[in-house]
Every structure is written in C-alpha cells, then in structure tokens.
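1. Pasted the sequence and its predicted model underneath.
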Amino acid sequence: MLSDPKKRAQYDTAGHAGVAGYSTEDLFGGIDFEDLFRGFDFGFDFGGGLFDLFSRRRRGPARGNDIEVEIAIPLEKVASGGEETVRYGRYAPCERCHGQGTADGKPPKACPACQGSGRQVTTSQKGNVSMQQISTCPVCHGSGKQIGQPCPDCGGRGEVEKIESLSVSIPVGVEDGTALRVAGRGMASPKPGGAPGDLYVVVHARPDPRFQRDGADLWRQETLPLTDAVLGTTLKVLTLEGGKADVEIPAGIQPDTVLRLRNKGLPRFGGKGKGDLYLRIKIEIPENPGREERELYERLRALAGKRRRHFWE
Ligand SMILES: [Zn+2]
Ligand SMILES: [Zn+2]
C-alpha cells in the first residue's frame, strides 16, 4: 500500500491529524481558524477586555458550560462594525430559593429511596451467579434529593431560564462564521463559586437580495436589455455605500461577462483596503416583441443573413 504514491500521500495526511488527536473541525467546530488568528494579529479592541477572540483553554470541571449563539447582521454592519445586541437564554440559579429548589429555600433532604446516591441497585440471582444492576433512582430521577414543597418560581429545578441581552462589538469586515468570545457570559457553574462558562457569538452576514458576499468581495447580477448589450451603455449600479456608481458597458458585451468595480466591496477583516464589487452581466432577450420591434428584428435577421452570405462567397 505504501508503494502507491497516491495512497501514501493520503496516509501521511491522515496520520498527521491522528498524531495531533483532533482536527481543526473538532477544535473549532467549523470556525475558520485562519480568520480568528488574523484577528489576533491586528489586536482588535473588543471593549475593555470583556471580549476576546476564541482561544482554546482547559479549565476545572466546576466551570459552567459555554453557550453558542448565532447572529445575522446586515452587510452594512459588516462594513461599519460597531455594537450589536445579542439576546440569548441561559440558566441562572433561581433567586427565590437560592438554587435549592425548595419552597422555603433550605437545602432539600436526601431522597429516602436511594439515600441521596441517586442510584438504584437491583440484585438478581441466576443459578449461582449474583448480578447487580445499577440504574437511575426512579424516585428522585438521579438528583438524590427529596423536594417536599417545590419552589414556585423554578418548580424545584433550582434554576430558571433568563433571557440575557448583551451588546457586543462587531469588528469591521468580520468574516462569516467568526466566533467572538464573551468571557463569563455562559452557563453558571453547577458548583457554588465555580467559574461560569463563556458565550460564543458566531457572526453571519444576513442574506441580502442586493449583494452576495464572498469574503471581502460582493457580487451582484445586472440584467441588460439586448439593445444595450449590442450598442453599449452607461449603467447606474447600486453600491453598498448607498450611492450609485456609473459603469461603462462596452458595446457587444457577452452574457455572463463579469465586470469588476475596485474597492466597492467590504473592508477586509483585520487588513487594509477593501474588496471589490463584481457584476455578472445577464442579457434579456425580448419574449414578446411588439409588431414594430418584430419588423426591426426581421430586418436585422435579413441583414445578418446577407452578411453571412458575403462571408461564404
Ligand atoms: Zn426556585
Ligand atoms: Zn433517589
């Protein structure tokens, strides 16, 4: 197998990933690694150190879970950057019962069925073999607690879902799928005094009927009448800045020609300059020409036929 160069190459690649033990996909869940670290290089300010970009860390087991939320921002916001409000749900300890889940707010008693272990042990005998089966306690569902009177606010769970509202700073030109980390805004720790998790805000550009985004470049389709395609024209083209740009369409432009307008795209994320605006040209063929138009097209056909004959002769 190793003598086959193609297979060898595949093996080497997979082997390398195997040594590391995880792929980029595993670590970052499809987030573009390159983009994140490009961000680091340019030292974005995410507001008083509260925000920073994704970094891989190991922390103690008492830490709360991370939360990931996705937001979609308009292209104008990608271009300008700035504050964006993020709303998300997270569980927080119930204030009424101080997280105990009891109506009086005192720590609950141990479940009498399992003595607080949360497990049920069943012993059965098969011949001379004794078997033990361990399952979740059916009385307390594994919590090990007996809550006589549940807290009316949280129903005995000890936590309530709260809708948080948070303002995050969007970096100019943010790449699609970039995760912004907001430290300490994830789930509360399951243990008292433990650190909360982090919030990851994954930023996407909202689909836009005017422009398609490709990194810092924008794409747009422009449809020309057949006559303008043949004769050439000046086209007023919508730009993201809101104004219209004059674009010279050369006579005889072909369908699917792509024209580039330099620096009319989005600002480059963490870099200098701007992307471009690309125009893909479509040409509209008249479906129901009027009588006069038809006559003109027939004349054009006759002319084209004559030209073709001259060519052959
Ligand atoms: Zn409660
Ligand atoms: Zn129990």
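-> Received the coordinates, thanks. Residues are numbered from 1 along each chain as shown. Ligands and ions are numbered 1, 2, ... in the order given.

2. make it CA atoms for all contacts and neighbour counts henceforth
-> Noted.

3. burial count for the closest residue to residue 157 other than its chain neighbours?
-> What sits nearest to residue 157 in space, not counting adjacent residues and going by CA to CA, 6 or more residues apart in numbering, is residue 101, at 5.3 Å. By other CA atoms under 10 Å, 30 other residues sit near residue 101.

4. who touches residue 101 in this structure?
-> Listed by CA atoms under 8 Å, 6 or more residues apart in numbering, the contact set of residue 101 reads 94, 108, 147, 150-151, 154-159.

5. Also residue 82?
-> Residue 82 touches 169-172, counting by CA under 8 Å, 6+ apart.

6. distance of the residue nearest to residue 157 from ligand 2?
-> Here residue 101 is placed at a distance of 16 Å from ligand 2 (CA to the ion, to the nearest Å).

7. likewise residue 204?
-> From residue 204 to ligand 2 the distance is 45 Å (CA to the ion).

8. How about residues contacting the helix or strand where that residue lies?
-> Using DSSP states H and E, residue 204 falls within strand 199-205. Outside of strand 199-205, the residues within contact range by CA under 8 Å, 6+ apart are 54, 66-75, 78, 174-186.

9. Distance of the residue in the stretch 201-313 of the chain positioned nearest to ligand 1 relative to ligand 2?
-> Nearest residue of the stretch 201-313 of the chain to ligand 1: residue 201, at 28.8 Å (CA to the ion). Distance of residue 201 to ligand 2, computed by CA to the ion: 38 Å.

10. from the contacts of residue 101, which is closest to residue 247?
-> Nearest to residue 247 among the contacts of residue 101 is residue 159, at 59.9 Å by CA to CA.

11. residue contacts, that closest one?
-> Neighbours of residue 159 in contact, by CA under 8 Å, 6+ apart: 91-94, 99, 101.

12. again, 6 Å this time
-> 91-94, 99 (CA atoms under 6 Å, 6 or more residues apart in numbering).

13. Mind checking which of the residues you listed are buried?
-> Among these, those scoring as buried are 91-94, 99 (criterion: 16 or more other CA atoms under 10 Å).

14. Max pairwise distance over the residues you listed: which two?
-> Farthest pair in the buried ones among the contacts of residue 159 (CA to CA) is 91 and 99. Separation: 10.8 Å.

15. Quick one: low-confidence residue ranges for this protein.
-> 1-61, 192, 309-313 (pLDDT under 70).

16. could you pull out the helices for it?
-> Ranges of helices in the chain, per DSSP state H, are 5-20, 24-28, 33-41, 75-80, 226-231, 291-312.

17. and which of the contacts of residue 82 is nearest to ligand 1?
-> residue 169 (33.8 Å).

18. isn't the closest one right next to residue 83, touching?
-> Yes. Counting by CA atoms under 6 Å, residue 169 does reach residue 83; the two are 4.5 Å apart.

19. near ligand 2, which residues of the chain show up?
-> 111, 113-114, 118, 137, 140, 144 (CA under 5 Å from the ion).

20. What about those, which one has the most neighbours?
-> Most neighbours among the residues of the chain next to ligand 2, by other CA under 10 Å: residue 144, with 22 neighbours.

21. Surely it touches residue 117?
-> Yes. Checked against CA under 6 Å, the pair residue 144 and residue 117 is within contact range at 5.3 Å.

22. residue nearest the centroid of the chain?
-> residue 177 (3.9 Å; CA atoms, centre = their mean).

23. residue ranges of the strands in the stretch 51-200 of the chain, please?
-> With strands called from DSSP state E, counting those that start in this stretch, the stretch 51-200 of the chain shows them at 51-53, 67-73, 82-93, 109-110, 119-126, 129-136, 145-146, 159-170, 178-182, 199-205.

24. Run me through the strand neighbours of the fifth one, direction for each.
-> So that's strand 119-126. strand 129-136 (antiparallel) (DSSP bridges).

25. Give the buried residues for the partner strand.
-> By 16+ other CA under 10 Å, the buried positions in strand 129-136 come out as residue 136.
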